[in-house]
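K.L.:
Could you work out the structure for the sequence below:
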Amino acid sequence: MPTWSSIWNFIQDFARKYVIEPVRGMEIVDVFDILILTFILYFLYRFVRDRRAGKLLIGLGLVFVISLVSDAFDMLALRFIFRDIRQLGLIAILILFQPELRSALEKVGGTPLSGIRNITGETRDISALNAEIDALCSAASDLSRDKLGALIAIERSTKLGEYVKSGVFVDASLSPYVLRNIFFNKAPLHDGAVIIREGRICAAGCFLPLSTQEDIDKDLGTRHRAAIGLSEASDAIVIVVSEETGLISLAIDGKLERNFNYNTLKQRLNGLLATDNPGDHRKHRKEKIRAKKQQ
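P.N.:
Predicted coordinates for the structure are as follows:
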């Protein structure tokens, strides 16, 4: 049975080995190392915080704590069991978090590509972007009024090629009339999703991944689950129109925002898509300031 003195000695040895000695020999490279690791851990925390992976991570943390306690107090039975668990821990994490790890890597990989695209000037003109947003909002508003279900995914930095292949390639101009015809309830492609790429209707009738979140409102159907699922797996913005209620919703980063109309949807899309075109956004803002000064 361990005594208080043995516990105190263990704490002192632990602090000396893992806190005092590393700090004494710390260099500038070590500081950058710690900062980068802190950023990665913070990113992982934000990513799993509102997802199913958060509960799995808590479970793994509990296993790790029990393992440390069994070592500290020399609990032979627990130490024997958890020794093998620690050895297989990395493989278990890769298996348990496979969907979340894939989604995280896709989002991390998409960020620098977006930055390179902006540096090289491959961004859409602000007037063209406004026209696209107007077309999307008009279509969503008309579909909502007629209670025609719709699912529209706007591709951003993460490419949606695998979902485009699941549907029918269209490559048409983005028009509210075309969208309304696609989602007309007698049309052959109305049950699938439309994917918007670079301001054009890329494909229709596409199948999207369903979310596995357990706390989604039970009143929401397959369209809403598919919208949330795609927003979890990519940085796409997904517009959903409910066939039952006509409500317009947006799925972003695994979360669903509801009860939009034409004006609020336009305002939200402007705020989201303007960040994809920072050069155009800054140019438009400067033009507005110049126009006010001339007045």
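
K.L.:
Surely Leu272 touches Ile237?
P.N.:
Yes. Contact between Leu272 and Ile237 holds when scored by Cβ atoms under 8 Å: they sit 5.8 Å apart. To be clear about C-beta, it is placed using only N, CA and C from the backbone, and glycine gets the same treatment.

K.L.:
Name the residues contacting each of the two.
P.N.:
When contacts are counted by Cβ atoms under 8 Å, 6 or more residues apart in numbering, the set common to Leu272 and Ile237 consists of Ile252.

K.L.:
Output the below-cut-off pLDDT ranges for the stretch 151-295 of the chain.
P.N.:
Judged against pLDDT under 70, the low-scoring parts of the stretch 151-295 of the chain cover residues 275-295.

K.L.:
ok, Cys206 - contacts?
P.N.:
Counting by Cβ under 8 Å, 6+ apart, Cys206 makes contact with Ala153, Tyr163, Val164, Ser166, Gly167, Gly192, Ala193, Val194, Ile195.

K.L.:
In terms of neighbours, single out the busier of Leu272 and Ile237.
P.N.:
Ile237 (24 against 16; other Cβ atoms under 10 Å).

K.L.:
show me where the chain has strands.
P.N.:
Taking DSSP state E as the test, the strands found in the chain are 150-154, 168-173, 193-197, 200-206, 237-241, 248-252, 255-260.

K.L.:
In a markdown table, list the ones you listed along with distance to Phe64.
P.N.:
Compiled in a markdown table, the strands of the chain are given as follows (distance: least, Cβ to Cβ, whole Å):
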| stretch | distance to Phe64 |
| --- | --- |
| strand 150-154 | 38 |
| strand 168-173 | 48 |
| strand 193-197 | 40 |
| strand 200-206 | 41 |
| strand 237-241 | 36 |
| strand 248-252 | 33 |
| strand 255-260 | 29 |
